[in-house]
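J.: need a 3D model of the sequence below.
(one chain, ligands or ions: 1)
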Amino acid sequence: MSPADSGRARAVVLDHLRDHVNRGHSRIASLLGLPLEVRSAGALVYDEQDTPHLDCGGYGVFLLGHRHPDVVDAVVGQLGRHPLSTRALVEPNMAYAAQALTSVAPAGLQYAFFVNSGAEAVELAMKLARANGCRRVIAAEGGFHGKTLGALSVTGNHRYRTGLEPLLPGVEFVPFGDVDTLRAVLGSDTTRACVLLEPVQAEGGVRIPPVGYLREVREVCEEFHALLVMDEIQSGLGRLGSWWGCDEEGVCPDVLTTGKVLSGGVVPVAATLATAEVYEVLNRDPLFHSSTYGGNPLATVAAATTIEVLRRDRLVEQARGLGSQLLPQITGALAAAGPHAIREVRGRGLLIGIEFTSEALAGLFLTHMLRERVLTSYTLNASRVIRLTPPAILESDHICWLLRSLERSAAALVGA
Ligand SMILES: Cc1ncc(COP(=O)(O)O)c(C=O)c1O
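T.: Model prediction:
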């Protein structure tokens, strides 16, 4: 496409976006001069002029990179055979994917129910908890679980709840990382509770809890007969350099949610996993929960192939190694910005957060990174934090590109 044609195409898209999707998005895209994204492969996303951008964002989805060839092949094969199921007969991919997913899950999580998005997985987790007698949910301040009404009720950020309250009743928030307050809240009421946590808060600003926290949470849940639900939608399947964040402390939750990486960067899919005891309500009544598109063949073939690739290519170990290499390199590359601009760089595996001293500096930095053609992520519950969630398949020239861009963007903040 010539620059003039691509300019016209972009203007039309921004007009449609403004008039029919979202005025604010269109304005931001226009102000920042954001290009259109047209195609992708591995760590790269190409715009309308076929210029590559290095994807270190994508809200944690692309651990395998974009369009992993094995996942694409499996999905294309399925597309040519049978993309959506009737629900009248037995569609095999869902069963294969459930077996694959539970085989890599923490011990005891025997059942998996596939849905289309992370928020839906959280909805089902809450529904299972309720059906198991939990009339209270204790969630963490700063936690993020999605934006459907139920998921929003347990999300610890009031910005997205404003104007919608009261949401789901019976939800209480405790500080993340503080087991004493959790114990006190659990002990304050004899009603059965479910405790919902992320092992590392991603949208909360890459907040890593103290060592031993998850293990103590598990013990406190046992003590008060509370169900433990781990939201591993962003942290799971290798993002933190382990299969699951809760593996780091040998913790097995009663319910676990997953999504994002499960897509293989190809088809949206998420899932709720549960122990046989918690899942019994669904075994007794298979229609207790259902979804027209949840667990469709395209999504489940993508999920099963993703798990196979993660295993075969040892991508979880690769994420761990790459993460420990990158964290000090990134910290070094940002040094020029100094403590007046950057408060901390922290991370686990390939979930890395840069905390700025102000929201304005975080925004400015993200804009500089865009000019360097490196995509990063804004953080929903912590707007001073910019996240890097690179793929595990990053190559050495990509790493040089990333570090050079971080250096230049950090230098640009001096005196800002
Ligand atoms: C921990 C966590 N839970 C739930 C969600 C919601 O997932 P989705 O956006 O797919 O609904 C997210 C999304 O960022 C997340 O990070």
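
J.: pLDDT on whichever strand or helix holds residue 38, on average?
T.: Per DSSP states H and E, residue 38 falls inside strand 37-41. What strand 37-41 shows for mean pLDDT is 97.

J.: next SSE downstream of that strand?
T.: strand 44-47.

J.: in its sheet, what does that following strand sit against?
T.: The pairing partners recorded for strand 44-47 under DSSP bridges are strand 37-41 (antiparallel), strand 52-55 (antiparallel).

J.: redo those strands as TSV? Include mean neighbour count and distance to the ligand.
T.: All C-beta spots, glycine's among them, are computed from the backbone N, C-alpha and C. Converted to TSV, the strands paired with strand 44-47 look like this (neighbours: other C-beta atoms under 10 Å; distance: least, C-beta to the nearest ligand atom, whole Å):
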stretch	mean neighbour count	distance to the ligand
strand 37-41	15	18
strand 52-55	21	16
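
J.: model confidence for the closest residue to the ligand within the stretch 101-250 of the chain, exactly?
T.: When scored by C-beta to the nearest ligand atom, the stretch 101-250 of the chain has residue 118 as its residue closest to the ligand, at 2.1 Å. At residue 118, the predicted lDDT confidence score is 98.

J.: just the one 5 residues further on next, same as before
T.: Here, the pLDDT recorded for residue 123 equals 98.

J.: and residue 44, what are its bridge partners?
T.: Under the criterion DSSP bridges, residue 44 forms beta bridges with residue 41, residue 54.

J.: re earlier: tally of neighbours for the residue of the stretch 101-250 of the chain closest to the ligand?
T.: When neighbours are counted by other C-beta atoms under 10 Å, residue 118 registers 28.

J.: any idea how far it is from residue 163?
T.: Counting by C-beta to C-beta, to the nearest Å, the gap from residue 118 to residue 163 is 23 Å.

J.: so where's the longest helix in the protein?
T.: helix 315-333 (DSSP state H).

J.: can you list the domains in the protein?
T.: Domain assignment of the chain by automatic domain parsing yields the ranges 35-67+314-411, 69-312.

J.: other SSEs contacting the helix or strand following the longest helix of the chain?
T.: Along the chain past helix 315-333, the next helix or strand (assigned with DSSP H and E) turns out to be strand 342-348. When contacts are defined as 3 or more C-beta pairs under 8 Å, 6 or more residues apart in numbering; DSSP states H and E, strand 342-348 packs onto helix 315-333, strand 351-356.

J.: now render those as JSON lines, adding mean neighbour count.
T.: Putting the helices and strands packed on strand 342-348 into JSON lines (neighbours: other C-beta atoms under 10 Å) gives the following:
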{"stretch": "helix 315-333", "mean neighbour count": "18"}
{"stretch": "strand 351-356", "mean neighbour count": "24"}
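
J.: output the ones you listed in JSON lines; the columns should cover distance to the ligand and mean pLDDT.
T.: Output for the helices and strands packed on strand 342-348, formatted as JSON lines (distance: least, C-beta to the nearest ligand atom, whole Å; pLDDT from 0 to 100):
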{"stretch": "helix 315-333", "distance to the ligand": "17", "mean pLDDT": "98"}
{"stretch": "strand 351-356", "distance to the ligand": "10", "mean pLDDT": "98"}
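
J.: quick check: residue 338 touching residue 415?
T.: No. Between residue 338 and residue 415 there is no contact under C-beta atoms under 8 Å: 10.3 Å.

J.: higher neighbour count, these two?
T.: Set side by side, residue 338 and residue 415 show more neighbours around residue 338, with 12 against 7, by other C-beta under 10 Å.

J.: what pLDDT is listed against that one?
T.: Listed pLDDT for residue 338 reads 94.

J.: quick check on it: phi, psi?
T.: The phi/psi pair for residue 338 (degrees, to the nearest 10) reads phi 80, psi 170.
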